[in-house]
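okay, sequence plus prediction incoming.
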Protein chains: 4
Amino acid sequence: MSSGLHGAFWVAGGRPGGHGRDMETRETLAVVMENPGAPLVLRRLPLPELRDGAMLLEPLFAEVCGTDVHLHHGRLAGVPYPIVPGHVSVGRIAELAGAPRDIDGRAFSTGDLVTFLDVHETCGHCYYCCVAKASTRCPSRKVYGITYSAGDGPLGGWAERVWLKPGVKAIRLPDNLSPESFIGGGCGAPTAFHAVRRARIAMNDTVVVQGCGPVGLSAVAFARVSGAGDIVVIGDPDDRLALARQMGADLAVSLGKTTPEGRLRTVRDMTGGRGADVVIEAAGNPAAIPEGMMLCRDSGAYVVVGQYTDCGPVEVNPHTMINRKHLDIRGCWGSDYSHFHGAIAAMARHQETFPWRKLAQWQYPLENAAAALADVEARRVPKAVIRIAGR
Amino acid sequence: MSSGLHGAFWVAGGRPGGHGRDMETRETLAVVMENPGAPLVLRRLPLPELRDGAMLLEPLFAEVCGTDVHLHHGRLAGVPYPIVPGHVSVGRIAELAGAPRDIDGRAFSTGDLVTFLDVHETCGHCYYCCVAKASTRCPSRKVYGITYSAGDGPLGGWAERVWLKPGVKAIRLPDNLSPESFIGGGCGAPTAFHAVRRARIAMNDTVVVQGCGPVGLSAVAFARVSGAGDIVVIGDPDDRLALARQMGADLAVSLGKTTPEGRLRTVRDMTGGRGADVVIEAAGNPAAIPEGMMLCRDSGAYVVVGQYTDCGPVEVNPHTMINRKHLDIRGCWGSDYSHFHGAIAAMARHQETFPWRKLAQWQYPLENAAAALADVEARRVPKAVIRIAGR
Amino acid sequence: MSSGLHGAFWVAGGRPGGHGRDMETRETLAVVMENPGAPLVLRRLPLPELRDGAMLLEPLFAEVCGTDVHLHHGRLAGVPYPIVPGHVSVGRIAELAGAPRDIDGRAFSTGDLVTFLDVHETCGHCYYCCVAKASTRCPSRKVYGITYSAGDGPLGGWAERVWLKPGVKAIRLPDNLSPESFIGGGCGAPTAFHAVRRARIAMNDTVVVQGCGPVGLSAVAFARVSGAGDIVVIGDPDDRLALARQMGADLAVSLGKTTPEGRLRTVRDMTGGRGADVVIEAAGNPAAIPEGMMLCRDSGAYVVVGQYTDCGPVEVNPHTMINRKHLDIRGCWGSDYSHFHGAIAAMARHQETFPWRKLAQWQYPLENAAAALADVEARRVPKAVIRIAGR
Amino acid sequence: MSSGLHGAFWVAGGRPGGHGRDMETRETLAVVMENPGAPLVLRRLPLPELRDGAMLLEPLFAEVCGTDVHLHHGRLAGVPYPIVPGHVSVGRIAELAGAPRDIDGRAFSTGDLVTFLDVHETCGHCYYCCVAKASTRCPSRKVYGITYSAGDGPLGGWAERVWLKPGVKAIRLPDNLSPESFIGGGCGAPTAFHAVRRARIAMNDTVVVQGCGPVGLSAVAFARVSGAGDIVVIGDPDDRLALARQMGADLAVSLGKTTPEGRLRTVRDMTGGRGADVVIEAAGNPAAIPEGMMLCRDSGAYVVVGQYTDCGPVEVNPHTMINRKHLDIRGCWGSDYSHFHGAIAAMARHQETFPWRKLAQWQYPLENAAAALADVEARRVPKAVIRIAGR
């Protein structure tokens, strides 16, 4: 008796518990998004035969993020519905074939606590991979939880087993990074890591982060790690702004309670009238773009990472905002293994300083994925986590 | 009896020839733009006492460029009218005080054929000069022909003598660079040099240049010098497109005879469907901006150098044009001595290959400065040159 | 009855002509270097079954380069003798399986004139590939003609057929690049392309190239393409220096007829006493290193690309040559597909300007590979080419 | 009755206290190093008339650093003995002429607590200043305490008054930076700041710092601020290694108690066998150079900042240490205002985390400058501070 995002939902094929042991090993329970707008359903999907290099992951946690809301609204092009959502997960290796290894050449074993890069099948053979060296624009790349069909297997995180195909880049969680901290960072962490690297923050740089969702919050922390001076975050609501301060922001400004002019004045007052050395857009609203340009000082840098869906155009003034400002504007798309690897290493080193784990406090069992999605959509929670272990 | 831009104009204080010899040495004839919209007038301005390091330049040629049209329309802020226009000139040293030297430490002598950087009084003491190292945004910088008042002396090129204040950065014209080639490049050459350096063109890069005015034409040549692969120029009218081909463009596309869609198709067809590695905007029209972004390949670079006056806003789509494209957009303001020095060196080495001198073919005597300005404004000529020597 | 490098050599298994048609298709004649110092032998090697994505190349030309001399002297570590030498070749596709494609996604066909990147099996999965993004240091990479054993198949260019394993990065020769010009550039061209890219040459930079072997000669041409100002090459003997001038050098200095002090004076005299903006070492002799450092101006760049075998240590003064000079020194190892692709594109565009084809004038049939190797070793020829087509 | 470095020393012209009020304002007591090897003497130097923009600083603290030892041994070229040593000082403005301003345009007042960039007279007019943009190589630059003669005035910090000539770049100490912390960083802080900026440390980079003198200690702290992962410092003696750990090093390795092979093994064991991403040389001993190259991972970066005097040559292997390693080696000379400004800002923000003030614990009155110098030379103290205030 589902009512879309908000209700409980139907388990196709009966109660999960009704199956025998050997059956369980070859099937997995997974949340399936059948079509944009359709209620989520819990289905049993067959597990694949594992070829050499493949693994099965038993997730502890999977993430619910803004992209999942966009997926449910059909806002992304080329999604092969039905899909199993969930692009970032962390869990234990339940099964493996051959000797899959991490980048240091160490073989994985069952029971290892791992996560994996959601991006797969980057071809290594096209102009973007080989010449432009911009592999996040490789046309062949696939993303777990987004561009794989449920018909191809459990290739998303909202499931009791996730099939890691041969070549998927998995990584052991470092001892000093808890699964809760990791999933609290979630997909926002490598995205933010990439944006902060692309910002080339130098010691003492004043940094403004537009947006305090998961990407913005990790961007604040990574900017702090990178040696930023004052960090200002702009966003809403208050609970996220409070989190932003814990993640390292010196000043958290409410978007709703201020005007663009007021925010510009605030930032200029902090910077001798000049504006921020670096602004990172993680807001998603096109209106953030001209404001972000103006918040930069002349010859500063503006990284645009939050506009990952098409929310329409916005007016900018090329004279005052780009040319005369001698501004560097850097679009930042996706992330590759280096960002994923780096985000994990940075979170491990700094998890005691920056409370990523608090972003994992809103947990839902697999059956309540629809509620998780609804809460994220309604912005009742900064992010939601599907808790799967121990079912 | 002047009729604004189009007529001959009145010489304040009587005929120049009516003065005695010793008087001439302490006065100079100069074109004065008294106010936006007002007719140009030819005036005698007193020559300053030369302090240690100062020089008097006897120009052979001075330039009339688009900025002068903007100045005559009052479109630039903070201009201390009346002014002597003309920011780039080339001529001979008529007089000097002390031992002014070039950057190699060689003292200048009277009779030397020199030009000088129009930008002066960059302070070397502010945040932009000292910390951001973006001296073209130094708030103290002055520009000959634009931000000096005629009341302060002959500090613009449309004059029989130009006062080079102490510290002005002058440079001898290399033997292999004719004054005609130099002034043909004019102020567009260092601007384009800066833009091409900022574009970081790599060997084989497909480059699109938007605009075929003086900046665009030099950008084509410098892109070619820098190792570009195919170069496409987009602009009008036909005579400038023909010049663009002589300056190194492989393909010259008429803006008026094509559509944005058609131009995008043309560029993509040349690049395996991807778009240009580098696009340089030298058009000045805000509409060029979204088109230029789309003409770039993903992870390409877009240098915005033509929007030096405020022609209003334009709509861009931050998702498709910046973020998903992983685009680098680089505003490029002004030029410093390194660009001026570099442009001269590159023009000297390559003047036989690229016909900068042809841009100096439309020459006007000082008395006809108004006609020169009118012809530039009406786009009857790509650029105009004031010929001063031999009066 | 071979006498090492200098004699004719024995064809294992009898005369090539003695075999029937169907036999020919599954075997190929290849030159085999059985061990360091041992005479080269001509052997029949079995051809592999082609798996999906594999191709057989029928070379027109293969290269003999300094590395082959080093291989014959056993100076490289980890070479699995016996090997089929020859790492760069150009020829026609004789056979293929499945639909191997180039980086633009266009399928290859039999008869296509192609070459291929000698580096293969870069893993895409290690720290250097994924995090450091320095794939030329990937420990898994293999190189045709060097790190494959003849026992594994014809995986070197000195053969009538070369097996391009699945995933080998092949590229069609552009219409405007002749096979002679391509092989004249040979392996030196991508190496030099990489070095010149790493040098980040800017317009007008004075460039010194140490060495006028194949790498040095292409470095001169690519530096010229990249916008260099004066280019000085230092090397010997005279015929190579003459070639260097044809490849774009303004000044060619004989190493043997000058002293280090004299060369330093020459370069400083050309640069206002400062030294070169960029020096590229392509000499191979450790003694070039301290001299190259001194030839750079303060805050210049020194690219070290010629020291690809261990010829022992050399003394440098860290105060005067590195620290006080504020020098950038950049080791440059190997090349990846982007350099190979770029070198081909640049050679295609500029083959009429720079006579790479002249480097392919010393041609030897497959049976005379030993003589080719001997002539290269004795420096009787700048490089040697094995001509295979039409046997 | 001085006995060289170790004794008290003679005050030329009698006791300071013996002078009347108006005399005091026009003279100052200063330590003078008359010649290499000669005993330091305390002299009265006349104070200059202050021209517009000049200031007199009343130092609280001045620094004694390794350079001062080198000066006393005559190891630097071109020093115009006699000199007043002391290149970095902090104190209060005692007097000023005109309206000298900081880089934000705020006028200074008497009583302001300031420091100033020891480098002065960078010309802004030469090739290095204007084209190469490497102003630390400007041939005109002067350095307080090193390249000014005592005959020109009190232009060094070991004095009761220091003459800040017009244009000297002074800066107010931020409220959150104590004079003790500032002088604890001393000249090593901007040097280290420059080196760390030049190292372009990215988040998680493993960093090795060779040397734990003042430059090395600040390099450790700034590497930590910049987001480094593990930091290893190599040096001696134990008390400095203990300080290095407080400044942010994870591991402090005694140079004397280990071998180069052992240190290489230690660093490789921490980095999956690869070596450090970044090594910063702040040791001064040429032997550090080949070791530092080997401590870097392939494609890593090595910054050489400690070789500021000529201690002779050292052997390096260009194949294994530079070329095959694909290493970036970056000499780093001096510092400019941006490094000075940045070091102060970073020290202010982080003085509670990193105990720069502990480096200022060894204080000596002006009369005991010789003892301070002797203790630094004998490495009895990591650094010495001249305490001047309140005399």
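Right, received. Where do you want to start?

may I see the buried residues of stretch A:83-99?
A:83-96 (16 or more other Cβ atoms under 10 Å in any protein chain shown). Yep, even glycine has a C-beta here, placed from its N, CA and C like the rest.

actually, stretch A:169-177.
Buried residues in stretch A:169-177 (16+ other Cβ under 10 Å): A:Lys169, A:Ala170, A:Ile171, A:Arg172, A:Leu173, A:Leu177.

which residues touch the closest residue to chain B within the stretch 1-150 of chain A?
At 3.5 Å from chain B, A:Ala134 is the closest residue in the stretch 1-150 of chain A, using Cβ to the nearest Cβ. Residues in contact with A:Ala134, defined by Cβ atoms under 8 Å, 6 or more residues apart in numbering or on different chains, are A:Tyr128, B:Asp298, B:Ser299, B:His326.

cool, and A:Tyr364?
A:Tyr364 sits next to A:Val64, A:Ala371, A:Ala372, A:Ala384, A:Val385, A:Ile386, A:Arg387 when contact means Cβ under 8 Å, 6+ apart.

got it, and A:Ala159?
A:Thr28, A:Leu29, A:Ala30, A:Val31, A:Leu45, A:Pro59, A:Ala62, A:Val84, A:Gly86, A:Leu366, A:Ile388.

and the closest residue to it other than its chain neighbours, what helix or strand is that in?
Nearest residue to A:Ala159 in three dimensions, chain neighbours excluded: A:Ala30, at 3.4 Å (Cβ to Cβ, 6 or more residues apart in numbering or on different chains). Using DSSP states H and E, A:Ala30 sits within strand A:27-32.

show me what counts as buried in whichever helix or strand comes after that strand.
Counting by DSSP H and E, the next helix or strand C-terminal to strand A:27-32 is strand A:41-46. Across strand A:41-46, burial judged by 16+ other Cβ under 10 Å covers A:Val41, A:Leu42, A:Arg43, A:Arg44, A:Leu45.

and the second one, bridged to which residues?
Pointing back at A:Leu42 there. Beta-bridge partners recorded for A:Leu42 (DSSP bridges): A:Val11, A:Val31.

any idea how many residues pack against A:Gly111?
By other Cβ atoms under 10 Å in any protein chain shown, 10 other residues sit near A:Gly111.

typo on my end, A:Arg357
Here the count is done by other Cβ under 10 Å, and A:Arg357 has 18 residues near it.

could you show which parts of the stretch 151-300 of chain A are in contact with chain B?
Applying Cβ under 8 Å from any Cβ of the partner chain, we find that the stretch 151-300 of chain A lies next to chain B at A:Gly272, A:Arg274, A:Pro286, A:Ile289, A:Arg297, A:Asp298, A:Ser299.

would you put the C-alpha positions of stretch A:309-320 in CSV?
Presented in CSV, the C-alpha positions along stretch A:309-320 are these (Å, rounded to 0.1, in the frame of the first residue of the first chain):
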residue,chain,number,x,y,z
THR,A,309,21.4,19.2,-12.5
ASP,A,310,20.0,21.6,-15.0
CYS,A,311,18.0,24.2,-13.1
GLY,A,312,18.0,26.7,-15.9
PRO,A,313,20.0,29.8,-16.9
VAL,A,314,21.0,32.8,-14.9
GLU,A,315,22.2,36.3,-15.8
VAL,A,316,25.8,37.2,-15.3
ASN,A,317,27.6,40.4,-16.3
PRO,A,318,30.7,39.4,-18.2
HIS,A,319,32.4,42.8,-17.8
THR,A,320,32.1,43.3,-14.0
